[in-house]
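Asker: Predicted coordinates and the sequence they were generated for:
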Amino acid sequence: MLEHLKAHLNGKVVILGIGNTLRQDDGIGSLLACRIKDKVPYIVYDSGPTPENYLGKIIKDKPDSIVIIDAVDFGGAAGEFREMEGEDFKTANIFSTHNASLTLAINYLKNNLKADIIALIIQPKRITFTDTLTPELEGALNKLENWFCEPAKKEG
């Protein structure tokens, strides 16, 4: 699981969780960032629904890799997650509630840094006004938290 992403978690890494926790499954990126912050050897930011507010901080950090985590409708099963990078961003048929700002943020970072940028996208089931995840996304959140934190436990 996530072998490609694992290869990019070397050197200085910034993880940017994106999501609106008041819109059900849309909040998964923010929730994951909050859960792994201080448990992993990476710089972790929870941008909420406004990743553009963190671009200056990320550029100052000068990371080798950036991992962006967000709920994105790519037509998969609820809770399914995929990795995207490079040309995937231009050719993928996806819909994010932050699509415009996500694309702008990625392009801005690409133009200002030499870092690898990887997006970990998670298929939402529902995006309605409530602050609880659907069971499928809660399961994905737990799996991803364990995956990110497991190497840190072994190293610590």
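Answerer: Right, received. Where do you want to start?
Asker: What are the buried residues along whichever strand in the chain runs longest?
Answerer: Taking DSSP state E as the criterion, the chain has its longest strand at strand 65-73. Residues of strand 65-73 classed as buried by neighbour count (16 or more other C-beta atoms under 10 Å): 65, 66, 67, 68, 69, 70, 71, 72, 73. C-beta coordinates here come from the backbone N, C-alpha and C atoms, glycine included.
Asker: Next: stretch 11-24.
Answerer: 13, 14, 15, 16, 17, 18, 19, 20, 21, 23, 24.
Asker: Now that stretch: average pLDDT?
Answerer: Regarding stretch 11-24, the rounded mean pLDDT is 94.
Asker: cool, and stretch 115-125?
Answerer: Averaged across stretch 115-125, pLDDT comes to 93.
Asker: do you know how far residue 63 is from residue 35?
Answerer: Per C-beta to C-beta, to the nearest Å, residue 63 is found 20 Å from residue 35.
Asker: Residue 84 looks like it's in a strand, true?
Answerer: Yes - judged by DSSP: H, G, I helix; E, B strand; the rest coil, residue 84 forms part of a strand.
Asker: Just name the closest of the buried residues of strand 65-73 to residue 82, please.
Answerer: Set against residue 82, the nearest of the buried residues of strand 65-73 by C-beta to C-beta is residue 72 (8.5 Å).
Asker: what's the helix or strand for the residue nearest to that closest one when sequence neighbours are not counted?
Answerer: Spatial nearest neighbour of residue 72, excluding adjacent residues (C-beta to C-beta, 6 or more residues apart in numbering): residue 121 at 3.9 Å. Assignment of secondary structure by DSSP states H and E places residue 121 within strand 116-122.
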